[in-house]
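A.B. asks: Predicted model and sequence follow; I will ask about them next.
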Amino acid sequence: MFYVKLFIPFVVGLIVYFIPIPEGLNANAWLYFSIFIGLIIGLILEPISPALIGVIAVTLAVLFKVGPVGSNNIETIIKDSVAIKWGLSGFSDSVVWLIFAAFTIGLGFSKTGLGERLALYLVSKLGKSTLGLGYAIAIVDLVLAPFIPSNAARSGGTVYPIVSNISPMFESYADKNPRKNRCLSCMDGSSKFLPYEFYFSYRSSSKPTCSLFNL
């Protein structure tokens with residue numbers, strides 16, 4: 001079954017590529033589209049990790065030189081260095097590395113048991129009610145926001161590993177006694193917007209902000 005899932009994205013991509021090219025598109029654009037379709041099928045089936053699937057798709061686009069600017073014109077000659085630079089450009093984005101670092105930290109929370117220990121501490125201090133736990137989640141998000149400004153990085157890499165360890169302490173799961181689980185997950189999702197509102201309101205007295213909104 002593993003090998004079937006592994007080869008299906010390549011087979012689907014080849015089938016799409018050999019379909020007659022629609023009017024208005026050229027061969028390079030259609031090849032790029034077929035690689036994209038293969039990528040989507042691979043992400044759905046997940047025979048290997050999604051990150052590796054993405055790297056394979058980018059590698060194919062670089063090899064066939066169908067990603068860089070100007071590749072939609074068949075007459076344009078794309079140099080190898082330009083194609084490689086395009087393929088690696090996404091890895092130079094600081095936001096990507098911020099999210100990667102945060103999820104790496106989140107994995108460390110899970111493997112070392114730190115997330116569970118922090119969850120136990122929050123439960124011991126504010127665990128008398130679900131509302132108290134909700135306040136704890138919001139406070140953690142608020143404190144971490146200046147250091148991890150990305151919502152995805154902060155929530156998925158740091159806050160969620162803590163929240164996911166709280167519900168099982170009350171024997172609350174998604175498929176069994178889900179009330180607390182759903183409530184805490186909802187609080188986790190809602191609290192992501194609190195830091196923006198708090199720090200933006202704090203900075204609203206600054207001259208640049210006031211001039212931006214004609215205050």
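C.D. replies: Now that the structure is in, tell me what you want to look at.
A.B. asks: Can you tell me which helices and strands the helix or strand harbouring residue 3 packs against?
C.D. replies: Using DSSP states H and E, residue 3 sits in helix 2-18. In terms of contacts (3 or more CB pairs under 8 Å, 6 or more residues apart in numbering; DSSP states H and E), helix 2-18 is packed against helix 27-45. All C-beta spots, glycine's among them, are computed from the backbone N, C-alpha and C.
A.B. asks: measure the closest residue to residue 10 other than its chain neighbours to residue 55 for me?
C.D. replies: Once flanking residues are discounted, residue 10 sits nearest to residue 38: 6.3 Å by CB to CB, 6 or more residues apart in numbering. According to CB to CB, to the nearest Å, residue 38 and residue 55 sit 13 Å apart.
A.B. asks: Likewise for residue 22?
C.D. replies: 29 Å.
A.B. asks: So which of these two has more stuff around it?
C.D. replies: Neighbour comparison, residue 22 and residue 55: the larger count goes to residue 55, with 13 against 9 (by other CB atoms under 10 Å).
A.B. asks: which element is that one on?
C.D. replies: Assessed by DSSP H and E, residue 55 sits inside helix 50-64.
A.B. asks: buried sites along the very next helix or strand once past that helix?
C.D. replies: Once the chain leaves helix 50-64, the next helix or strand it forms, by DSSP H and E, is helix 80-89. Within helix 80-89, the residues scored as buried using 16 or more other CB atoms under 10 Å are 82-83, 86-87.
A.B. asks: before we move on, what about stretch 33-47?
C.D. replies: Using 16+ other CB under 10 Å as the test for burial, stretch 33-47 gives 33-35, 37-39, 41-42, 47.
A.B. asks: so what's the residue lying closest to residue 41 once chain neighbours are set aside up against?
C.D. replies: Spatial nearest neighbour of residue 41, excluding adjacent residues (CB to CB, 6+ apart): residue 9 at 4.4 Å. Neighbouring residues of residue 9 by CB atoms under 8 Å, 6 or more residues apart in numbering: 38-39, 41-42, 45, 47, 53.
A.B. asks: how close does residue 9 sit to residue 90?
C.D. replies: Going from residue 9 to residue 90 by CB to CB gives 20 Å.
A.B. asks: low-scoring pLDDT stretches of this structure, where are they?
C.D. replies: Along the chain, the model assigns pLDDT under 70 to residues 106, 109-110, 115-116, 119, 147-150, 152-153, 156-157, 195-215.
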